[in-house]
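Visitor: No sequence on hand, only this structure:
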């Protein structure tokens, strides 16, 4: 971006510091974004990226430092003020009203909106231009995580921003959709819009961004041109070391542990997905990966397998030969089936309860027959999980919501691994989790596989599935594709299958999965 | 100007201090109220905060009022923690009292004192039955337990009215709407001669311990609270929401019924249309002021009882209307809810003017 070097920077931060009661989230951070520049901010969870973005977006006030916007010193007092300046943000955690429709949510988020109908029309236009498939009339509660993120992106684009902040935007897109989004972002940048791109996906940063600021422990540890760096060198700047490569040793799979046959379920709400004739097997000592864009029946399949939805026909789900479709989640856990849901707070853990109490959700070892809870044992178990899975937390008494996403995920995955399951089902094991924690979680999953456990992993991150799976299948429009050995699966092939177009696929109505 | 700023972590200290702060604000408003009514505020406050604690007799009366409040509030605290909104403890209290009264009416000259056990059990069952109707309608038809339980209060009042005006009316009672005065053998033992304080106090304290254990030391209590805090987590864990609903309603109904039975077998000694004294509604305030914690319920119930007695004293000695009791009780809940804001937020004093050098540009964004 040499041609912009002489111009006034779009945004210049100097010496930004923010002290929270427990941590110094930002410590003398400086950052300069030129007009039309795609600027990556790279760092682990807890490195201070989110705080910095909230300062730029006016949601948090810095203790020290100055902000210049197009050369003018400014104080950004609120997100509304930021939007007025031309700064838009897509948060990683969504701020949407569940009971309202997509259009109503976008409408509410706009400061100068016209009529609802006009907004709905513009949503359609923007969604079409940028390949973000979205039905403006659907209520948000019926959307999958990936679809909710599309709402946030479209909402940000509707304000015609001069600076767009994107927090981990690609985690929910197919490879083809990521390429399309990148085309969009490059087009936006060419038009003069600056983009702050927060991500931990090193490949993406290297292929998309012009400039990269690396944060560690609240401080800037590097400012580099990512196109000239390798994954290893970026990784070193970010965490001080490279994660060790995973050992994926080929093993002969054991007997069938989970057999799903003819599993069909009608949707439970109008915008759900019907599960249609799902069939697959998971064997002991193998990882079966399920790829696909969210909102294609993964949530429904997970609920049927975990026991949260018990409507399935008895024989359609078999664990070690026994029909378990009518069994409760607790009974399934006794039979060796453990599950890690994609939502950490509120489903995998109760936000306000301590880690000790959260172990009790799925681990009933410390509960006596009489129903008495042996508190000392619960504490010891939580302590053990914190140690074994390197969870950074203020001890077993810390509330679940006080942990960062990565640490809470380590705790929840660890809680289920430590139970010694015969079948572990994991949904989005590393969604929004930093590189270090993701590497640890994947390593632990592989260790469990090597110990003879059967694993079923649903993920929207293809890299992750390619890294840990022995076999892969794709879910689209409530159906599953045949399983492919990893060696035969390529990104192109799997990407094409995500639209529901695998050989022998039943003819189907208009696809809404593909982007 | 004053600004509210979100705290990083909810303050533990303030969650305990908030009821005390609310009490202080209630007292301040109370002083203003007495001044406006033309009474000496010191005398007024004395009626509410000193007189009810002044003598053994006063303390005995305090415990008579506090016992039903504690019993009912325990059940409600459990309900509210499970996210089940039982607003109808008053009705469950009335039906508990009626069931207990029926057993008490069966006593004859030869009946032993052990009939008291049957009376209390009848009260518990009566309260449970009334709450079970709410649970059934919620479970089967997804009817709002808030509305149903509240409406059931008025039905309970009517049932009681029918009984004391009709079939259960004392034939020798000069046509007053009341049952016979129950025999001595149906009355719970008193603790001290000459005072009305009875073993209900001990039952209440034992119940506090039992509910503490249930909530914080048993898996059933844990499941109940998870269901209230995060329903999706409860589903994920496999905790039954129907079981939690029934358990919460039956337990709180039972406790309200027990409180009703203790009134019948204690201070009332007969059924009249005046059995519903508002304990079931006041206990909602007790549960919240007590932080939905069993031990907190004790202190909150004592405070609420002081308002009851203070209101009566203000009427008899200062000539003020007895409704002051309700005013104070309402003020306390109102100020508590306001003070609870401070648990998650802190108040900051911010100068309205922005320092000079940055003022130029910041004015652009000010209106936002």
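Guide: Looks like it came in fine. Just so it is clear, the structure is predicted and the values come from calculations on it, not from any experiment.

Visitor: how about residue A:479, phi and psi?
Guide: The phi/psi pair for residue A:479 (degrees, to the nearest 10) reads phi -120, psi 160.

Visitor: no, scratch that, I was asking about residue A:75
Guide: phi -120, psi 120.

Visitor: With residue B:197 instead?
Guide: phi -60, psi 130.

Visitor: okay, now the domains of the chain?
Guide: No chain specified, so I'll use chain A. A:2-239, A:256-497 (automatic domain parsing).

Visitor: if you could check chain B rather than the one you did, that'd help
Guide: According to automatic domain parsing, the domains of chain B span B:1-35+B:296-348, B:66-292.

Visitor: close to chain A, is the last one?
Guide: In this case it means domain B:66-292. Yes: contact of domain B:66-292 with chain A (Cβ under 8 Å from any Cβ of the partner chain) involves B:217-220, B:222, B:225-226, B:229-230, B:232-233, B:235-240. Every residue, glycine included, has its C-beta placed from N, CA and C.

Visitor: Mind checking which of those residues are buried?
Guide: B:218-219, B:222, B:225-226, B:229-230, B:233, B:235-239 (16 or more other Cβ atoms under 10 Å in any protein chain shown).

Visitor: What strand or helix carries the spatially closest residue to residue B:207 that is not a sequence neighbour?
Guide: Nearest residue to residue B:207, sequence neighbours excluded (Cβ to Cβ, 6 or more residues apart in numbering or on different chains): residue B:74, at 5.6 Å. Assigned by DSSP states H and E, residue B:74 belongs to helix B:56-81.

Visitor: Report the mean per-residue pLDDT for that helix.
Guide: The pLDDT scores in helix B:56-81 average 96.

Visitor: After that helix, which helix or strand is next? Please name it.
Guide: Next along from helix B:56-81, by DSSP H and E: helix B:89-105.

Visitor: returning to that earlier point: does the residue nearest to residue B:207 touch residue B:296 like I think?
Guide: No: counting by Cβ atoms under 8 Å, residue B:74 sits too far from residue B:296 to count as a contact (10.4 Å).

Visitor: And these two? Which one has more around it.
Guide: Higher neighbour count among residue B:74 and residue B:296: residue B:74, with 33 against 20, using other Cβ atoms under 10 Å in any protein chain shown.

Visitor: any idea how far the more buried one lies from residue B:294?
Guide: According to Cβ to Cβ, to the nearest Å, residue B:74 and residue B:294 sit 6 Å apart.

Visitor: Determine the residues that are contacts of both of the two.
Guide: Shared contacts of residue B:74 and residue B:294 (Cβ atoms under 8 Å, 6 or more residues apart in numbering or on different chains): B:208, B:211.

Visitor: Mean pLDDT lowest where, among the domains of chain A?
Guide: domain A:2-239 (a mean of 84).

Visitor: quick one: is it near chain B?
Guide: Yes: using Cβ under 8 Å from any Cβ, we find that domain A:2-239 touches chain B at A:20-22, A:72-78, A:80-81, A:83-85.

Visitor: quick one on the thing from earlier: quick check: strands, which of the buried ones among the residues of domain B:66-292 next to chain A are part of them?
Guide: Counting by DSSP state E, no part of these is found in strands.

Visitor: Which one, of the domains of chain A, ends up nearest to residue A:250?
Guide: Comparing these against residue A:250 with Cβ to Cβ, the closest turns out to be domain A:256-497 (8.2 Å).

Visitor: Show the end-to-end separation of the closest one, please.
Guide: The straight-line separation of the ends of domain A:256-497 (Cα to Cα, to the nearest Å) is 25 Å.

Visitor: Could you check how far it is from the centre of its chain?
Guide: 14 Å (Cα atoms, centre = their mean, to the nearest Å).

Visitor: One more: stretch A:252-266?
Guide: 26 Å.

Visitor: which residues are in contact with it?
Guide: A:274-286, A:300-301, A:304-305, A:309, A:311-313, A:315-321, A:337, A:422-423, A:452, A:454, A:456, A:470.
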